[in-house]
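The following block contains a protein sequence and its predicted model.
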Amino acid sequence: MSLSVHAVKGVNLPLLEKSGSQSTYVTCFFQGYTLTSKVFDNSLNPEWNEQMDFPVGKMGVSADDDVTIEVFTYRTDARGKSVGRCSTSAMGLLVTPTITTELKLKDTLGNETGALTLIKMVYDPPPGVDTEKETRTAAPIKQDTLSIIPDTYQMRFTIHECRKLTHWPCNPVVVLRIGRDTRSTQIANNTVDPVYEEMIPFVMYQSPFDIAQMVVDISILNTLRVDEASLVGEFKFVVMTAFISDPIGWEEPAYLSTDTCRTMFKKWVMVTHPAENPKNIKGFVSLSMSILASGQKMIIPPRIESLLLDVMSNIMRPSEVYAQYQKLVIRVHKAEDLTQMSAAPVSMDGQESKLVKTAYTDPYVTLSYGGTKARTSLEYSNYNPVFMEDVLFNIEVPTICTTLIITLMDRDIEFDGIDDPIGTIFLKLDLIGYQSNDHFGFDPQFGPCYLNFYGRPREIKEAYEKLEHLNLGWVPGVAFRGRLFLEIFTKPSYSMGAFVDVEDSPADAKSKVELFQNRSSFILLVGFIEATMLERGDQAIQFEVSIGDFGNSMSPTAERTNSLTAFTQPMYDGTKYYYCNWDEGRPVCLVPSMWEDCTYRLHTLNLLERILLRFEDNLEKCQELIQLESEEKDIKAAMKRALKELAADCGIKLPNLPPVHNNLDEKLLHLRHFKLGKIAERARKAITGIKATWAFYDHMCSFKEDIIDACNEPLSLSY
């Protein structure tokens, strides 16, 4: 019950590597499976002679199935380049079980390369399957390993979260059905990315054989709708198929038995609507499932970071949905004002070798997305390195991977051999892209602009080495560490499979972004009023004011400014602490700086936050009236006033964009106008059905979440 694809050889492959020779391998795709051959070294006419066996399930091969072959060059430092790809229909296997064919390779644009690949396909159909049928199912179940003796079992589901639900506004609830039993989670209010972390048990008296055949029906409903449109999406699977494809880093594939608890940990499920095109993905659900017999204990899952499980290989999807790919391009231009990381030993010319403390930084950038990592080239002894490199992630869309991790690193091989992080940023792609079926949806895009990195204090002290976790971004940093100029965009991909590649940026990339680096003068003026509750007073102290690298007296590159106060001797307050006596004159610091002008973004945020603060004040007044059990007419009047003011505030026109702005600025402006219009429309409708109850007050609070969603400014990372 398999399809064997024998990659025999390639003929006249084009030379793509600059070294003059190239090693190649074959990747074969069939029914959602991906298999790879061994590498054939240094030949343009490779003979792989590699057999790749694909499981075909109980229903066998369908006439709609295709076998896709793609040839890649092999590189040790990164993903190889695509030599070409070709496809052939599996329909002929329904008539002749063995086919040998010679296929022409085509490049990413669909043009023939002149190269050929010879493959042989052998089809072993399942017994009793009519090869004329065009159907396909999941992997077979080993029924002979399952007991038919009934017993009491408990099937536990944990619904962790949902992501990227397409209904908006939405109050989602997850419903599980097994046979006639139905269970559901609590209702999440006004979100398309709800987090539940709820355990749902099912108790049954069945045999392991019968449990393996049970169908689990997962549905997501929008409780704001009461008609047929309330269904967001659903997914059905047989219990046994979930354990055939276990998630990464957990149990090996196993089958039900009476002496072992079976656990599936944090598997993602792709939901679709049964009445629509299955390619229209409606969202994702993360769940865990355990099956326990009487007296068994729950297996405690290992502590695995969620970012390691948020990969597309950890997804169960409908058989009708095929992977679609696009390239996420991160163009890394340069970095500025990097912090001093360590002191290096150097030799003095004409003298004996001495250890002289010299500040240095050897930076490079690492990027991680969906379990795939890449890095830029290394720049030696440079506080302002220029990279000009493109990092290309071949990603599946839509994706559950929402976080791009960007880390500035310092190479430290001369000392302990461990590279040190300078700073880390977790960039949420949901904030720089908008998934929607209407014309307001757009793919992830960002910049070109600067990202500011923060981490541990900049001083090189042994005590601060314990604060290295601040540089990894898991907790907010306390000091400026540097800034990185980059841009993010997407483009079509003609390759399959998740991989990453690094290449030089185009020659005109630098000139295209020069306008985004124009800077204006700003002045930071800080006046000190008091300094109290100081723990030590044995020596004079002074205070420093800095913004970015400006005003940083320890920076090797920053200009000296009036950023330091005069030394002051703390005085004892008579109890426990010390304070600074500034009665004769309080210190003032004035720090000039040069920054890109982002005030138009701040102006928009100020207007949106004003709408939010005003509505929060009105909500507090309504809450006080309900708590005091005031008269119904007074409560309704306060609610009506709050909704009227909200509808009026959401009708404002946001500031126009300046001549120099990026694409994300323009997309966010249109999206905010759309969201504010929806909020105003809902507020006007709610006025007609005001009720002096806590339930209606909770409904009014849902508007607050919508306003907060409109206030998200991903480009705020740039200032």
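The structure has been received and is ready for your questions. Because the structure is a prediction, the values reported are computed rather than measured.

Show the model's pLDDT score for the residue nearest to residue 74 when sequence neighbours are not counted.
Distances taken as C-beta to C-beta, 6 or more residues apart in numbering put residue 23 closest to residue 74, at 4.2 Å, once the chain neighbours are dropped. Every residue, glycine included, has its C-beta placed from N, CA and C. Listed pLDDT for residue 23 reads 86.

isn't residue 23 right up against residue 39?
Yes. Shown here, residue 23 and residue 39 form a contact pair, counting by C-beta atoms under 8 Å, at 5.2 Å.

Any regions of the stretch 551-700 of the chain where pLDDT drops low?
Across the stretch 551-700 of the chain, nothing is flagged by pLDDT under 70.

residue boundaries of the helices in it?
Taking DSSP state H, counting those that start in this stretch to define them, one finds helices in the stretch 551-700 of the chain at 599-627, 632-649, 663-687, 694-710.

Next, the contact list for residue 72, please.
Applying C-beta atoms under 8 Å, 6 or more residues apart in numbering to residue 72 gives the contacts 24-27, 79-83.

helix/strand/coil for it?
strand (DSSP: H, G, I helix; E, B strand; the rest coil).

what's near enough to touch the closest residue to residue 123 other than its chain neighbours?
Computed as C-beta to C-beta, 6+ apart, the closest residue to residue 123 that is not its neighbour in sequence is residue 93, at 4.1 Å. Listed by C-beta under 8 Å, 6+ apart, the contact set of residue 93 reads 3, 61, 99, 121, 123, 131.

which stretches of the stretch 251-400 of the chain form strands?
Here the stretch 251-400 of the chain has its strands, by DSSP state E, counting those that start in this stretch, at 262-272, 281-293, 315-316, 324-336, 342-344, 358-360, 363-369, 372-375, 386-397.

Would you format these as CSV with mean neighbour count and distance to residue 591 included?
Shown next, in CSV, are the strands of the stretch 251-400 of the chain (neighbours: other C-beta atoms under 10 Å; distance: least, C-beta to C-beta, whole Å):
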stretch, mean neighbour count, distance to residue 591
strand 262-272, 22, 48
strand 281-293, 22, 47
strand 315-316, 20, 50
strand 324-336, 21, 17
strand 342-344, 16, 27
strand 358-360, 15, 22
strand 363-369, 22, 25
strand 372-375, 18, 34
strand 386-397, 20, 27
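
Including mean pLDDT and distance to residue 603, could these go into CSV?
Formatted as CSV, the strands of the stretch 251-400 of the chain follow (pLDDT from 0 to 100; distance: least, C-beta to C-beta, whole Å):
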stretch, mean pLDDT, distance to residue 603
strand 262-272, 83, 40
strand 281-293, 88, 35
strand 315-316, 82, 42
strand 324-336, 91, 26
strand 342-344, 54, 42
strand 358-360, 56, 39
strand 363-369, 93, 32
strand 372-375, 89, 37
strand 386-397, 90, 32
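
Am I right that residue 298 is in contact with residue 291?
No. Residue 298 lies out of contact with residue 291 (C-beta under 8 Å); the separation is 10.6 Å.

rewinding a little: mind picking the lowest-pLDDT entry from the contacts of residue 72?
For the contacts of residue 72, the pLDDT minimum is residue 79, 61.

now the end-to-end length of stretch 472-479.
End-to-end distance of stretch 472-479: 13 Å, with C-alpha to C-alpha, to the nearest Å as the criterion.

quick one: buried residues of that stretch?
472-473, 477, 479 (16 or more other C-beta atoms under 10 Å).

Restricted to strands, list these.
Among these, the members found in strands (DSSP state E) are residue 479.

Find me the pLDDT at the nearest residue to residue 118 once chain neighbours are set aside, would you?
In space, and not counting its chain neighbours, residue 118 is closest to residue 8: 4.2 Å by C-beta to C-beta, 6+ apart. The model reports residue 8 with a pLDDT of 87.

tell me what the host helix or strand of residue 8 is packed against?
Per DSSP states H and E: residue 8 is located in strand 2-11. Taking 3 or more C-beta pairs under 8 Å, 6 or more residues apart in numbering; DSSP states H and E as contact, the helices and strands that strand 2-11 lies on are strand 24-30, strand 50-55, strand 66-73, strand 112-124.

please redo it, this time with the cut-off set to 10 Å
Counting contacts by 3 or more C-beta pairs under 10 Å, 6 or more residues apart in numbering; DSSP states H and E, strand 2-11 is packed against strand 24-30, strand 33-36, strand 50-55, strand 66-73, strand 82-89, strand 98-106, strand 112-124.

Using a markdown table, lay out these together with distance to residue 541.
Shown next, in a markdown table, are the helices and strands packed on strand 2-11 (distance: least, C-beta to C-beta, whole Å):
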| stretch | distance to residue 541 |
| --- | --- |
| strand 24-30 | 63 |
| strand 33-36 | 62 |
| strand 50-55 | 70 |
| strand 66-73 | 61 |
| strand 82-89 | 62 |
| strand 98-106 | 71 |
| strand 112-124 | 71 |
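
looking at those, which has the lowest confidence?
Lowest mean pLDDT within these: strand 33-36, a mean of 79.

Contacts for that one, please.
3, 5, 7, 25-29, 50-56, 68, 70, 72, 139, 313, 323, 496-498 (C-beta atoms under 10 Å, 6 or more residues apart in numbering).

Just the buried residues out of those, in ChimeraX syntax.
Those of those that count as buried under 16+ other C-beta under 10 Å are selected in ChimeraX with:
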select :3,5,7,25,26,27,28,29,50,52,54,56,70,72,139,496,497,498
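
ok, back up a step: now which of the contacts of residue 93 would you call buried?
3, 61, 99, 121, 123.

biggest separation within those residues, which pair?
Across the buried ones among the contacts of residue 93, no pair lies farther apart than 61 and 99, at 11.7 Å, counting by C-beta to C-beta.

hey, what's in contact with both of those two?
Shared contacts of residue 61 and residue 99, defined by C-beta under 10 Å, 6+ apart, comprise 67, 90, 93, 121, 123.

which residues sit in contact with the first one?
It refers to residue 67. Applying C-beta under 10 Å, 6+ apart to residue 67 gives the contacts 3, 5, 28-31, 52, 54, 61, 86-90, 93, 99, 101, 103, 119, 121.

Check residue 582 too.
By C-beta under 10 Å, 6+ apart, the contact set of residue 582 is 528-531, 565, 568.

Got phi/psi on the residue lying closest to residue 458 once chain neighbours are set aside?
Nearest non-adjacent residue to residue 458, counting by C-beta to C-beta, 6+ apart: residue 339, 4.8 Å away. Here is the backbone geometry of residue 339 (degrees, to the nearest 10): phi -80, psi 160.

buried set for the one helix or strand residue 235 maps to?
Per DSSP H and E: residue 235 is located in strand 231-238. Within strand 231-238, the residues that count as buried by 16+ other C-beta under 10 Å are 231-235, 237-238.

go on, stretch 72-87?
Neighbour-count burial for stretch 72-87 flags 72-74, 79-86 (criterion: 16+ other C-beta under 10 Å).

what's the burial count for residue 548?
21 (other C-beta atoms under 10 Å).

Tell me how far it lies from residue 470.
If you measure residue 548 against residue 470 using C-beta to C-beta, to the nearest Å, the figure is 17 Å.

hmm, back to that, for the strand holding residue 8, the distance to its chain's centre please.
Strand 2-11 has its C-alpha centroid displaced from the chain centroid by 36 Å (C-alpha atoms, centre = their mean, to the nearest Å).

hey, C-alpha coordinates of it in PDB?
Output of strand 2-11 as PDB, limited to C-alpha atoms (Å, rounded to 0.1, in the frame of the first residue of the first chain):
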ATOM      1  CA  SER A   2       2.500   2.600  -1.200                       C
ATOM      2  CA  LEU A   3       3.800   4.600  -4.100                       C
ATOM      3  CA  SER A   4       7.500   4.200  -4.700                       C
ATOM      4  CA  VAL A   5       9.200   7.000  -6.600                       C
ATOM      5  CA  HIS A   6      12.700   6.000  -7.900                       C
ATOM      6  CA  ALA A   7      14.800   9.100  -8.800                       C
ATOM      7  CA  VAL A   8      17.200   7.500 -11.300                       C
ATOM      8  CA  LYS A   9      19.400  10.400 -12.600                       C
ATOM      9  CA  GLY A  10      19.600  13.900 -13.900                       C
ATOM     10  CA  VAL A  11      20.900  15.000 -17.300                       C
END
